[in-house]
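A.B. asks: sequence and computational prediction follow.
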Amino acid sequence: MKKVFIIHGFEGTPNGGWRPWLMGELEKEGIYACALPMPTPEAPVKNEWVKTIKEAVQENYSEAILVGHSLGSSAILRYLETIGDNAVSGAILASGPYTSTREQIDSFYDTPFDFEKIKKACKKFVVIHGDNDPFVSFDHAEKFSKSLDCELISIKNGGHLNGGSGCFELPEVLEEVLKLTAKT
């Protein structure tokens, strides 16, 4: 059975923005979903966030679908660097920063992403980004899409795809999760 793990971003919570809506929609489909409470979201530490994801997924790599928002996307990529060729089903990265956008998240970008390792650790990637994101410019999404050889879905006037941007539903994420759960 596929399991969806949702990772919020910097200063985020499991119940912010579109995460409760996504969990409700997945529940209607009979899909297990869990929004992880990441430690110290106002002062995030890369190793602690990676450990939290690792503890949630455990050894169930092929069942796991990872959905990240903002810094949660970068945390997912750092996690994927650590699991070798144990491929998770998919990763959906929404509004993720490619490089640090503020001092408080620098530990996530202390080394460049190892995209060769990351691509071996995940079967499918999708990048979703607001075309007018005020915090993480659209070129971050373009770099991720190119580095991961994956589709980039642009959300017109989506902002940072968070509650502050008025984003409380994100059907594009749901659609991608449903595509991944349909594959066995």
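C.D. replies: On my side now, so go ahead.
A.B. asks: going forward, measure contacts between C-alpha atoms and count neighbours the same way
C.D. replies: Will do.
A.B. asks: ok, which stretches of this structure are helices?
C.D. replies: Defined through DSSP state H, the helices belonging to the chain, from first to last, are 19-28, 46-57, 71-80, 115-120, 138-148, 171-182.
A.B. asks: most packed of the ones you listed?
C.D. replies: Using mean count of other CA atoms under 10 Å, the stretch among the helices of the chain with the largest mean neighbour count is helix 71-80, at a mean of 26.
A.B. asks: contact partners for residue 121?
C.D. replies: Residues touching residue 121, when contacts are defined by CA atoms under 8 Å, 6 or more residues apart in numbering, comprise 80-81, 83-88.
A.B. asks: please repeat the previous calculation with a cut-off of 7 Å.
C.D. replies: Applying CA atoms under 7 Å, 6 or more residues apart in numbering to residue 121 gives the contacts 80, 83-88.
A.B. asks: could you give the number of residues near the spatially closest residue to residue 156 that is not a sequence neighbour?
C.D. replies: Take residue 156 and drop its neighbours on the chain: the residue closest to it by CA to CA, 6 or more residues apart in numbering is residue 131, 5.5 Å away. Residue 131: 21 surrounding residues under other CA atoms under 10 Å.
A.B. asks: can you pull the phi and psi angles for residue 131?
C.D. replies: Comment: the main-chain dihedrals of residue 131 come out as phi -70, psi -10, following degrees, to the nearest 10.
A.B. asks: what ranges of the protein fall below the confidence cut-off?
C.D. replies: In the prediction, the chain carries residues with pLDDT under 70 at positions 183-184.
A.B. asks: re earlier: select from the contacts of residue 121 the one having the most neighbours.
C.D. replies: Among these, where neighbours are counted by other CA under 10 Å, the top count belongs to residue 80, at 26 neighbours.
A.B. asks: how about it, nearest residue that isn't a chain neighbour?
C.D. replies: Distances taken as CA to CA, 6+ apart put residue 118 closest to residue 80, at 5.2 Å, once the chain neighbours are dropped.
A.B. asks: check contacts around the one you found.
C.D. replies: Listed by CA under 7 Å, 6+ apart, the contact set of residue 118 reads 77, 80-81.
A.B. asks: next one: it relative to residue 58, how far apart?
C.D. replies: Distance, residue 118 to residue 58, by CA to CA, to the nearest Å: 17 Å.
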